[in-house]
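Engineer: Predicted coordinates and the sequence they were generated for:
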Amino acid sequence: MTALTRDQVRISRRIALVLRHRPDAAGLTLDANGWVPVGDLLAALEISRDQLDAVVEHNDKSRFAIARRDDGADWIRASQGHSRRVAVDLDLPPADPPPVLYHGTPRINLASIMSEGLRSRSRHHVHLSVDVPTALVVGRRRSADVAVLRVAAGEMAAAGHVFHLSANRVWLTTEVPSRYLLPERTNP
Ligand code: HQG
């Protein structure tokens, strides 16, 4: 994977905005599972298929998935991260999580999270990472001072909480009650 150019990062952000949060702003309607025809997205964003493919292929987190339908048309969706205001059901099967998952967050959120648990807030799900380095990257989007929480995902699943694994390997669940959380010691 090569790094995206500045232009490609800009395109990637626009695609993420449209496919996760504001399809209406680009005049697009997602289907029930979050897909739109690639041709419609290209027209809406005024980008070429080559530009799109470069962004999808080199995306550091594989945020977008392209699938070919029986009629030969390609459709695209964001693999996770949709706003709650966008009615999308990713239709992912329930999956058995590993015993432990991680969540990176600005340290300033820690007290609130330890008291009320992890909430999905404006998104459909709480997003959990498979390892500490990934959780640190997620947290650093928002702050240089990041805390990583250890999530007892195995115990949660045993207690009936449902987990899904997105196509780009982000673990999703509706909420994490605080009793399943432990602050992880890290060297940020
Ligand atoms: C925090 C990125 C206080 C939570 C990433 C987070 C991810 C609380 C923020 C994906 C709280 C929500 C999602 C509580 C949760 N009290 N703060 N009770 N419960 N929070 O962006 O997980 O780069 O919606 O810790 O890689 O940061 O966009 O969630 O800091 O997969 O592709 O509230 O977005 O993907 O923020 O990130 P977000 P997130 P992309």
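Structural biologist: Everything's here; your move.

Engineer: Can you tell me the SS state at A67?
Structural biologist: Following DSSP: H, G, I helix; E, B strand; the rest coil, A67 is assigned to strand.

Engineer: pLDDT value on the closest residue to it other than its chain neighbours, please?
Structural biologist: Distances taken as CB to CB, 6 or more residues apart in numbering place W75 nearest to A67, at 5.6 Å, with adjacent residues excluded. C-beta here means a position set from N, CA and C on the backbone, and glycine is covered the same way. In this model, W75 is scored at 98, pLDDT.

Engineer: do whatever helix or strand W75 lives in and the ligand meet at all?
Structural biologist: Element membership of W75, judged by DSSP states H and E, is strand 74-78. No. Using CB under 6 Å from any ligand atom, strand 74-78 stays clear of the ligand, with a minimum separation of 7.9 Å.

Engineer: buried residues in the very next helix or strand once past that strand?
Structural biologist: Per DSSP H and E, the first helix or strand lying C-terminal to strand 74-78 is strand 101-106. Across strand 101-106, burial judged by 16 or more other CB atoms under 10 Å covers 101-105.

Engineer: other SSEs contacting the helix or strand just after strand 101-106?
Structural biologist: Using DSSP H and E, the helix or strand that follows strand 101-106 in sequence is helix 110-116. Under the contact criterion of 3 or more CB pairs under 8 Å, 6 or more residues apart in numbering; DSSP states H and E, helix 110-116 touches strand 146-151, strand 181-184.

Engineer: among the ones you listed, which is nearest the ligand?
Structural biologist: Closest approach to the ligand among the helices and strands packed on helix 110-116 (CB to the nearest ligand atom): strand 146-151, 8.1 Å.
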